[in-house]
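[1] Based on what follows, work out the 3D shape:
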Amino acid sequence: MSDFYVLAVLYAKPGREDELRENLAALVEPSRKDEGNLRYELFVQQDDPRRFVFVEHWASPEAQHKHHTQGEHILHFHAGGI
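    Purely as a prediction, here's the structure:
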């Protein structure tokens, strides 16, 4: 098996923490349904509410790449639609 892990850290602009939290949270459930997803979790750092961490586990690098480049919910987020 060639499973693949991603640890992604994002920081909200000051005063935009709630907005980013909502937008990132909206990605979780659809991402969990993407082909090849084994784990997709979002965490907020307790002592820094501007810092968000995604922990992702994919069946392969190709599955993660497809998610990131073709997933409608991810493309919508990157386009600023979320």
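[2] C-alpha coordinates for the lowest-mean-pLDDT helix or strand in the chain, CSV please?
    Taking mean pLDDT, DSSP states H and E as the measure, the chain has helix 72-78 as its least confident helix or strand, at a mean of 92. What follows is helix 72-78 as a C-alpha-only set of coordinates in CSV (Å, rounded to 0.1, in the frame of the first residue of the first chain):
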residue,chain,number,x,y,z
GLU,A,72,-15.7,20.5,-6.3
HIS,A,73,-15.7,21.5,-2.6
ILE,A,74,-11.9,22.2,-2.6
LEU,A,75,-12.0,24.1,-5.9
HIS,A,76,-14.9,26.2,-4.6
PHE,A,77,-13.0,27.0,-1.4
HIS,A,78,-9.9,28.0,-3.4
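[3] Contacts made by that helix with the rest, please.
    Identification of contacts with helix 72-78 by Cβ atoms under 8 Å, 6 or more residues apart in numbering yields 23, 26, 27, 30, 31, 67, 68, 82. Every residue, glycine included, has its C-beta placed from N, CA and C.
[4] If you rank these by neighbours, which is first?
    Counting by other Cβ atoms under 10 Å, residue 67 has the largest number of neighbours within those, with 21 neighbours.
[5] that older thread, can you give me how far the least confident helix or strand of the chain is from the chain middle?
    Relative to its parent chain, helix 72-78 has a centroid offset of 10 Å by Cα atoms, centre = their mean, to the nearest Å.
[6] Same question for stretch 60-67.
    On the basis of Cα atoms, centre = their mean, stretch 60-67 sits 13 Å off its chain's mean C-alpha point.
[7] And for stretch 5-15?
    Distance of stretch 5-15 from the chain centroid (Cα atoms, centre = their mean) equals 9 Å.
[8] and if you look at stretch 37-54?
    Taking mean C-alpha positions (Cα atoms, centre = their mean), stretch 37-54 and its chain are 9 Å apart.
[9] just stretch 42-55 next, same as before
    12 Å.
[10] what comes up buried for that stretch?
    Neighbour counts using 16 or more other Cβ atoms under 10 Å place 42, 44, 50, 52, 54 of stretch 42-55 among the buried residues.
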